[in-house]
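Trainee: My questions concern the predicted model and sequence given below.
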Amino acid sequence: MKIAEAEAQLRRRLETIYPPSESAAMAALVLESVTGLERSALLLARQTPLEETQEKRLGDISARLLNEEPVQYVLGASWFAGMQLYVDPSVLIPRPETEELVDWIVQDVKSSGLDVFRRNTTDADQTTLLKILDVGTGSGCIALALKKQMPLAEVWGCDLSEKALNVARRNGSSLNIRVDFQGIDFLDEAQQPLLPSVDILVSNPPYIPERDKDTMNGNVLRYEPHLALFVPDQDALLFYRAIACFGHRRLHDSGTIYLEIHENLGAEVKELFLQEGYKHVEIRMDMQGKERMVRVRK
């Protein structure tokens, strides 16, 4: 079977469960992975027959995709902020709106004038000007993206899941980006003193009420980690409350909290932080016009 034929066949099969544009993108990713060719080279090699081992791998991948397993888990790769990350079902698949949260932080730091963006540094440059903590780091996507763009910042990531931490550390190692990933149950106040005091606290915490499961895509429910997605119906703001309390103790007076939020809970999150004594709370919409981010200052 030639590459062009294999891609077209996979695309048609995927269209039975995914929109045409998404099916085409997935098929292209799969053929790149199976052949080891980048897209430009793949286009030039469309009439090249697949090897027997490549056809077998294509068949295995196709079966998993047709069972609605996310392509990122099938291929073990997801792109985020210009980085190729390893992902598996122990971590959430990074989303574009989370990239928007990262960009908000970077733009704010640039506006502050802090000199944390230099890459060619000497030992004399290593004074820490900015300390950042990513709560519920998962794949490490937020922490690694921030450290990549701000090499002179000191960055930590924490997570309850040891499997998730293994993924984050693997990503840090493969990208040669140094982030201190720690195993912490953030909801356990007795463990919080193990975390540093910081200038920026960022998190994409679990925020989907259990009752919303019925409204979600089946592939998310079946494959992505529920520990990182859901909170009890009676306490959907569980993690935001813990972050607000932590901020009083460990966020520097001039520090800032950046959070991803449920699109329907922006007002509730804002009110929570105002009631906790924070003076400045700003909600920001994502590119789809949904309230998905919040910035909090004392």
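Mentor: Thanks, I have the structure now. Residues are numbered from 1 along each chain as shown.
Trainee: and stretch 216-228, which residues are buried?
Mentor: 219, 220, 223, 224, 225, 227, 228 (16 or more other C-beta atoms under 10 Å). C-beta coordinates here come from the backbone N, C-alpha and C atoms, glycine included.
Trainee: Wait, the fourth one touches residue 72, no?
Mentor: What it means is residue 224. No - counting by C-beta atoms under 8 Å, residue 224 does not reach residue 72; the two are 9.9 Å apart.
Trainee: Quickly list the domain ranges of the chain.
Mentor: Domain ranges of the chain: 3-67, 81-297, per automatic domain parsing.
Trainee: Same list, those domains, but as JSON lines with mean pLDDT please.
Mentor: Converted to JSON lines, the domains of the chain look like this (pLDDT from 0 to 100):
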{"stretch": "domain 3-67", "mean pLDDT": "94"}
{"stretch": "domain 81-297", "mean pLDDT": "93"}
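Trainee: Go through those and pick out the most buried.
Mentor: Mean neighbour count, computed with mean count of other C-beta atoms under 10 Å, is highest for domain 81-297 among those, reaching a mean of 17.
Trainee: Show me how far that one is from its chain's centre.
Mentor: Taking C-alpha atoms, centre = their mean, to the nearest Å, one finds domain 81-297 lying 9 Å from the centre of the chain it belongs to.
Trainee: For it, measure first residue to last.
Mentor: 25 Å (C-alpha to C-alpha, to the nearest Å).
Trainee: before we move on, what about stretch 282-298?
Mentor: Note: stretch 282-298 ends 12 Å apart using C-alpha to C-alpha.
Trainee: Stretch 74-93 now?
Mentor: 12 Å.
Trainee: Which residue, other than its chain neighbours, is closest to residue 110?
Mentor: In this structure, residue 110 finds its nearest non-sequential neighbour in residue 117, 7.3 Å apart by C-beta to C-beta, 6 or more residues apart in numbering.
Trainee: And the helices in the stretch 51-200 of the chain?
Mentor: 52-66, 71-75, 96-112, 141-149, 162-175 (DSSP state H, counting those that start in this stretch).
Trainee: Using TSV, lay out the ones you listed together with distance to residue 238.
Mentor: Converted to TSV, these look like this (distance: least, C-beta to C-beta, whole Å):
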stretch	distance to residue 238
helix 52-66	33
helix 71-75	27
helix 96-112	20
helix 141-149	20
helix 162-175	18
